[in-house]
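**Student:** from the sequence below, what's the structure:
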Amino acid sequence: MTGDFTRDSFAPEKGFTRVLMQQGRPQLDADLNEQVAIFWHYWRTVLTDLVGPYAGPYDRCGFGVITREVTADALSPHEREELRALFKDPGEFLLSPGRYYVGGILCENKHYLAYSAHLGYGESLLAPKRNVPYLVYLDVWERPVTSIEDETIGEPALNGMDTSLRARVTWRVRIAELEKSVYGSGDCNKVKEHWSSITHAWQPEHRGCLKVRVSDTAEGAERDHRHQEAGYRGSHNHLYRVEIHHGGVAGGGASGATFKVSRENASVIFRIAEIEDNVVTLETWGRDTRFGLRAGDWVEIDDAAGHGATPGHLWQIQKVDISRRQITLNGSPRHGNLSNRPHLLRRWDHKAGDSKRGGLELRDGAVVLKEGEGNNNWLSLENGLRIQFHKSNPANVYRPGDYWLIPARVATGAMWPREHGHPKALPPHGIEHHYAPLAIVSFGSDGVLETRGDCRLKFNVPVAF
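**Tutor:** Got it, this is the predicted structure:
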């Protein structure tokens, strides 16, 4: 979860049941956030134990895939006609309103939704392809929403100050082609039987592990006379974020995995007012130099809706004009309609260095991901902070958006768990996606999409007497 946090202190393996505040002590965001995380984990676990990894209430089960005709009795003839008019293209289908629980997370669809209206920028409907089964599935995760994206979060009495942010459940309906020889034309039982192997294509089992340590030989590190010679040498406490940019395997050449780094947990974001060629005008500016922009910074333009399946392109700032709230990039970004779909500009803090001394090697603005073992391929971020992507067998498959958080403290260095006296290799802290099969569809003889199988599970809600 991106945000200006102290750290993420929730650790489910410790078995904590609640956080108890004490009198006369300073309060930190981490304590309150940990209490919420404890309850959220408990609630999701209970729901999953009761209804399974995915299911919906029998009389209000949502996300049904409708490819031909809406037959709900509650609809008026006029409403039926309006919905019928939505089937404009052969690959179109509707999603029925209702609720569905995925991984213990409530997903709600308030009304009939055309799949074409659900598509993100750059996505398109399926093109007719005979005798090929497709799986329609639900992809669910959480994303943060700040006052920059939603102005109602800020407090007007404090001039719109963002005292906190919100987490929102985000769901996207996606489509994957199935192998007909295995799944037939519409056998949902086969899908459920192979569900684990199917989801590993979207969320690999081996997504990489990271180690963190501090050293006095980091590339480009500047010593501060106030701090010890070895260890973390930053002048501020930071929550570093190491996030996968382009996915794949390590050492894959021009198509290999890359990552990006933020010393503020990717919380330095700005709402875009206008993009003209390579000049970007921002609606707001950073509150100080620490949360501002400078020439040489790498920035990413994100869809504010957070629905993008692929990362945005990284651009380097060539020039900054604070008075006009404008920056000039080293290229001209392509973008959608900013009035209909707001976009954000997000700052990243990695810099290129001497790769022979552990410095970062960049490709298209992101850092080339290298794996290592022992003392090999420790990569220097800054201020003595070093990371190593742990090599494994079978090979890791890195996924875009996966991230690790590194709390760096002036007093103690990097807060990273150790095992047998050495930095522990940890899997990604997130983003955790949850999936649920909805239906199997294919194109009929007339070239129009048809539902071959409804893969949703339903449960009966007990009636209280």
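
**Student:** and the gap between the closest residue to residue 402 other than its chain neighbours and residue 241?
**Tutor:** Excluding the flanking residues, the one nearest residue 402 by CB to CB, 6 or more residues apart in numbering is residue 428, at 4.0 Å. Using the backbone N, CA and C atoms, a C-beta is placed for each residue, glycine as well. Separation of residue 428 from residue 241 (CB to CB, to the nearest Å) stands at 11 Å.

**Student:** overlap in contacts of these two?
**Tutor:** 403-404 (CB atoms under 8 Å, 6 or more residues apart in numbering).

**Student:** got the contact list for the closest residue to residue 63 other than its chain neighbours?
**Tutor:** The spatial neighbour of residue 63 that comes closest, neighbours along the chain excluded (CB to CB, 6+ apart), is residue 100 at 5.0 Å. Residue 100 sits next to 54-56, 61-63, 107, 109, 138, 436, 456 when contact means CB under 8 Å, 6+ apart.

**Student:** mind listing the residues bridging to residue 100?
**Tutor:** Counting by DSSP bridges, residue 100 is bridged to residue 107.

**Student:** got the confidence number for it?
**Tutor:** At residue 100, the model reports a pLDDT of 98.

**Student:** again with residue 227
**Tutor:** With respect to pLDDT, residue 227 has a value of 41.

**Student:** what does residue 181 give?
**Tutor:** Per-residue confidence at residue 181 stands at 84 (pLDDT).

**Student:** that's a strand at it, yeah?
**Tutor:** No - per DSSP: H, G, I helix; E, B strand; the rest coil, residue 181 lies outside any strand segment and is helix.

**Student:** coming back round to it: which of residue 428 and residue 241 has more neighbours?
**Tutor:** Neighbours of residue 428 and residue 241, each counted by other CB atoms under 10 Å, are more numerous for residue 241; the result is 23 against 20.

**Student:** what's near enough to touch the more buried one?
**Tutor:** Contacts of residue 241 by CB under 8 Å, 6+ apart are 2, 261-262, 264-266, 403-406.

**Student:** flag the least confident of these.
**Tutor:** Minimum pLDDT for the contacts of residue 241 is recorded at residue 2 (91).

**Student:** so how far is residue 405 from it?
**Tutor:** As for residue 2, its distance to residue 405 is 10 Å (criterion: CB to CB).

**Student:** so what's in contact with these two at the same time?
**Tutor:** 241, 265.

**Student:** residue 410 against residue 234, yeah?
**Tutor:** Yes - the pair residue 410 / residue 234 is scored as a contact, 6.5 Å apart, by CB atoms under 8 Å.

**Student:** what average pLDDT does stretch 57-67 get?
**Tutor:** Across stretch 57-67, the average pLDDT comes to 94.

**Student:** neighbouring contacts of that stretch?
**Tutor:** 56, 93-100, 107-109, 112, 136, 138, 173, 438-439, 441, 448-451, 454, 456, 458-461.

**Student:** tell me the bridge partners for residue 61.
**Tutor:** residue 99.

**Student:** please begin residue numbering at 72 from this point
**Tutor:** Sure, I'll start numbering at 72, so the last one becomes residue 132.

**Student:** now intersect the contacts of residue 171 with the strands, please.
**Tutor:** 125-127, 178, 180, 209, 507 (DSSP state E).

**Student:** cool, thanks, signing off.
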